[in-house]
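*Asks:* Just a sequence and a predicted model for now, questions to come.
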Amino acid sequence: MTNARTLTLAWEATKDPSHLRQREWIVTNGLGGYASGTVAGIPSRKYHGLFVPNLSAPKGRHILISRCDEIVTVGGANLLLGGAEFAEDHFVGESHLHLQEFRLDHRIAVWVFNIDGTLLEKSIAMVHNQNTVCVQYRILSGTVASGTTLDLKIRPYTSFRRHDESPDTDLKRSFVFSARDGRHEVRTDDSPMVLRMGMCSAPAVFVSEEQRELEFVYRIDRSRGESSTESAFSPGYYLAKVTTEHPVCFFASTQNWERLAIDVGSIFDAERKRVDALLNLARLNLTQAGPSDPFAEQLAMAADQFIVLPGSRLEETVMAQAEGADLRTVYAGYHWFGDWGRDTMISLEGLTLTTGRYREAGAILRTFANYVKDGLLPNLFPEGQRQALYHTVDATLWYFHAIARYVEVTGDRSILSQLMPVLRAIIEHHVRGTHFGIHMDPSDGLITAAAEGYQLTWMDAKVDGWVVTPRRGKPVEIQALWFNALSLMSQWSTELRQPHPEYGDRAEQVRSSFNDRYWNESTGCLFDVIDGPNGDDAAIRPNQVFAISLPHPVLFQRFWTPVLDVVKNRLLTPYGLRTLSDDHPDYKKHYRGDLRARDAAYHQGTVWPWLIGHYIDAQLKVQPDRSAARRLLNGFEEHLLDAGMGSISEIFDAEPPYAPGGCIAQAWSVAEVLRAWTKTRE
């Protein structure tokens, strides 16, 4: 890390180029769209693409440009900056021999190449709240500055598929290319999408030379046993000369041409200014007006990528604007997650409140209130679909926690009166019962949930109809969240002069029942689930931490230390908590292999970083040593230069070397590490 707003990976030609393929970058546009790839310039998964907008018609994120082949010519020598991979371990081109550094500068992806003494810089940015990507090439210094020109050839390859669909191997669809007055468009015969692209900032020519490239390889997808070959269409290529006086920019967009009067310099400057403004807003929370904190600011920039105006739900955006309201949501992880209710509510404090983005926090809470149905918050909005899915027992209860954190941090108590009718309805539905077998057991006041074929808690892996961790019955963290929600409702209803004594009465019943039922003497900690189809589940999992960590802890204080001792000794790693202790027969050391093998490990040992936040919350209640708690987060600083650069991965292997996996950038990983980092500040 060179400073708080730039993250730099220095490179030497002698290093193993495979490391560049293992590090990925992503830039986003605030609409859910993105550009992403490997630092090597070789796409390695089906989600990679130079231009992946999030569209309202057809709904969802689509790979419009899967990649560009870029060839630089200096003094008669050709250098391929980026291209495709066609065979195992075949590293295309020699750009790694000339790469000097890769960096994220205010989350703009930047490469610097040293080509025989000439420094060429390539930068990629997306226009915020617009489906447009810009790639700028400029000469920083060197022999070119004294008269030599640098020739650049850019050939874009288009795919026109939704990013989560299997790659198109046969390329049977018909592509149509049109060009007029420097305006180039690509469309297909089976889609309303129109890709507009061109060059700006310097004279350039387009050579019409159609090419269909067949079956290049996505290395990561192949290692997972998934469809891994793609074919793509290129209408031709651009030729331009780069000089010190004239940078060159390639752009691609779905906007109308009238909105594409692109001033490259202003686009990159505007993005830096936008990020600077966000960091200035966050700084008081991050540092308490003390010295700059580079790690916290890197996480604050990472947090920005998850807070989105949902670009695929245009009709909702229009309605919200007509009502004078803000519409915001959280994308749970890149590349494949959209907005999930559970992830949003768990992430809200770290992403928005810790970073001073209070207005967006309120907008997120109000946005989700519109989607509560039969007492349930949406579990997720499936990619490309309008209707939400509701198969979750915990997302709704996390909503209460998120609201409480918002009110405490912002002091905006008006949201309580606005949302109270929705919150009361949620409690009533849980008491009398709602979908998926979610209901309060009147005998003990605890929440039970069970529906055949559904995974209702955050441990939600399911493949080919197999629910890996069904956790049917009364999961431990659900009772912690239920007690917290009832305690909050008792407090809020009194504050609003609308007292409901039953909230407090039910909370006391829950607490009494919980402490009678969940302590497992044989393990010295809590049962993970009670009253399940096979009785009580004694598996040692991290879910018991929430019985201590939440603002209203359901667990009696005398149990806190033994529970945390077990969690520390059996589950704690440098990157979060394991999801299962290693003595369990279902424990898995590694997250790898095909989809079935990965899902079998997803919550059966695999480490989840987001859990470290609540472990630290609980630990500080027992032992208020912030220095010791801060040391639990030290591994994440180095991780910013690994996997998804500048962000925190979704998961890690359960054992050394704790290889990262899953999404390269996960909202609740970033949010909870950032929240815990600021909480443990001295």
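*Replies:* Structure's in. What do you need?
*Asks:* all contacts plus neighbour counts: C-alpha atoms, from now on.
*Replies:* Fine.
*Asks:* residues contacting Met126?
*Replies:* Val27, Thr28, Asn29, Tyr34, Ala35, Thr132, Val133, Cys134 (CA atoms under 8 Å, 6 or more residues apart in numbering).
*Asks:* What subset of those residues is buried?
*Replies:* Neighbour counting by 16 or more other CA atoms under 10 Å classes Val27, Thr28, Asn29, Tyr34, Ala35, Thr132, Val133, Cys134 among these as buried.
*Asks:* circling back to that earlier point, so which of the contacts of Met126 is the closest to Ala77?
*Replies:* Checking the contacts of Met126 against Ala77 by CA to CA gives Cys134 as the nearest, at 26.1 Å.
*Asks:* Does Asn114 belong to a helix, a strand or coil?
*Replies:* When classified by DSSP: H, G, I helix; E, B strand; the rest coil, Asn114 comes out as strand.
*Asks:* what does the model give the closest residue to Gly41 other than its chain neighbours for pLDDT?
*Replies:* Closest residue to Gly41 apart from its sequence neighbours, by CA to CA, 6 or more residues apart in numbering: Gly82 at 4.3 Å. We note a pLDDT of 80 for Gly82 in this prediction.
*Asks:* I'd like to know how many residues surround Gly82.
*Replies:* Gly82 is flanked by 22 other residues according to other CA atoms under 10 Å.
*Asks:* thinking it is in contact with Gly37, fair?
*Replies:* No: using CA atoms under 8 Å, Gly82 makes no contact with Gly37, being 10.2 Å away.
*Asks:* if we can go back for a sec, same list, the buried ones among the contacts of Met126, but as TSV with pLDDT and secondary structure please.
*Replies:* Output for these, formatted as TSV (pLDDT from 0 to 100; DSSP: H, G, I helix; E, B strand; the rest coil):
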residue	pLDDT	secondary structure
Val27	98	strand
Thr28	98	strand
Asn29	97	coil
Tyr34	98	strand
Ala35	98	strand
Thr132	96	strand
Val133	97	strand
Cys134	96	strand
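*Asks:* related to what we said a few turns ago, now do the phi/psi pair for the residue nearest to Gly41.
*Replies:* phi -160, psi 150 (degrees, to the nearest 10).
*Asks:* and it, bridged to which residues?
*Replies:* When bridges are called by DSSP bridges, Gly82 pairs up with Glu70.
*Asks:* tell me which residues in the helix ranked longest in the chain are buried?
*Replies:* Using DSSP state H, we find that the single longest helix of the chain is helix 264-287. Buried residues in helix 264-287, counted by 16+ other CA under 10 Å: 264, 267-268, 271-272, 275, 278-279, 282-283, 285-287.
*Asks:* ok, back up a step: tell me the one of the contacts of Met126 nearest Pro382?
*Replies:* Tyr34 (17.7 Å).
*Asks:* what's the spacing between the residue nearest to that closest one when sequence neighbours are not counted and Leu81?
*Replies:* Nearest non-adjacent residue to Tyr34, counting by CA to CA, 6+ apart: Thr28, 4.2 Å away. Between Thr28 and Leu81 the distance is 22 Å, computed by CA to CA, to the nearest Å.
*Asks:* correct me, but Leu152 touches Val72?
*Replies:* Yes: in this structure Leu152 lies within contact range of Val72 using CA under 8 Å: 4.7 Å.
*Asks:* where does this structure dip in pLDDT?
*Replies:* 1-3, 86-93, 142-148, 289-290, 311-325 (pLDDT under 70).
*Asks:* Using the record's domain definitions, break it down for me.
*Replies:* The chain breaks down by automatic domain parsing into domains covering 6-273, 571-682.
*Asks:* just so I know, which of those lies nearest Ser513?
*Replies:* Evaluated with CA to CA, the domains of the chain place domain 571-682 nearest to Ser513, the distance being 21.1 Å.
*Asks:* Wasn't Met197 part of a strand?
*Replies:* Yes: according to three-state DSSP, the state of Met197 is that of a strand.
*Asks:* Provide a list of residues in contact with it.
*Replies:* Each residue near Met197 by CA under 8 Å, 6+ apart is listed here: Arg183, His184, Glu185, Phe250, Phe251, Ala252, Ser253.
*Asks:* separation between the residue lying closest to the third one once chain neighbours are set aside and His552?
*Replies:* If I follow you right, that is Glu185. Distances taken as CA to CA, 6+ apart place Arg196 nearest to Glu185, at 4.6 Å, with adjacent residues excluded. With distances taken as CA to CA, Arg196 is found 54 Å from His552.
*Asks:* same thing with Tyr399?
*Replies:* As defined by CA to CA, Tyr399 lies at a distance of 15 Å from His552.
*Asks:* Same list (the buried ones among the contacts of Met126) but as a markdown table, adding distance to Asp444.
*Replies:* Below are the buried ones among the contacts of Met126 laid out as a markdown table (distance: CA to CA, whole Å):
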| residue | distance to Asp444 |
| --- | --- |
| Val27 | 49 |
| Thr28 | 47 |
| Asn29 | 48 |
| Tyr34 | 48 |
| Ala35 | 51 |
| Thr132 | 55 |
| Val133 | 56 |
| Cys134 | 59 |
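*Asks:* For the stretch 501-650 of the chain, just list every one of the strands.
*Replies:* In the stretch 501-650 of the chain, the strands defined using DSSP state E, counting those that start in this stretch lie at 519-520, 525-526, 529-532, 535-537, 572-573, 576-578, 607-608.
*Asks:* would you turn those strands into JSON lines with mean neighbour count and distance to Tyr331?
*Replies:* Shown next, in JSON lines, are the strands of the stretch 501-650 of the chain (neighbours: other CA atoms under 10 Å; distance: least, CA to CA, whole Å):
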{"stretch": "strand 519-520", "mean neighbour count": "16", "distance to Tyr331": "36"}
{"stretch": "strand 525-526", "mean neighbour count": "28", "distance to Tyr331": "32"}
{"stretch": "strand 529-532", "mean neighbour count": "19", "distance to Tyr331": "29"}
{"stretch": "strand 535-537", "mean neighbour count": "16", "distance to Tyr331": "33"}
{"stretch": "strand 572-573", "mean neighbour count": "22", "distance to Tyr331": "26"}
{"stretch": "strand 576-578", "mean neighbour count": "29", "distance to Tyr331": "21"}
{"stretch": "strand 607-608", "mean neighbour count": "30", "distance to Tyr331": "17"}
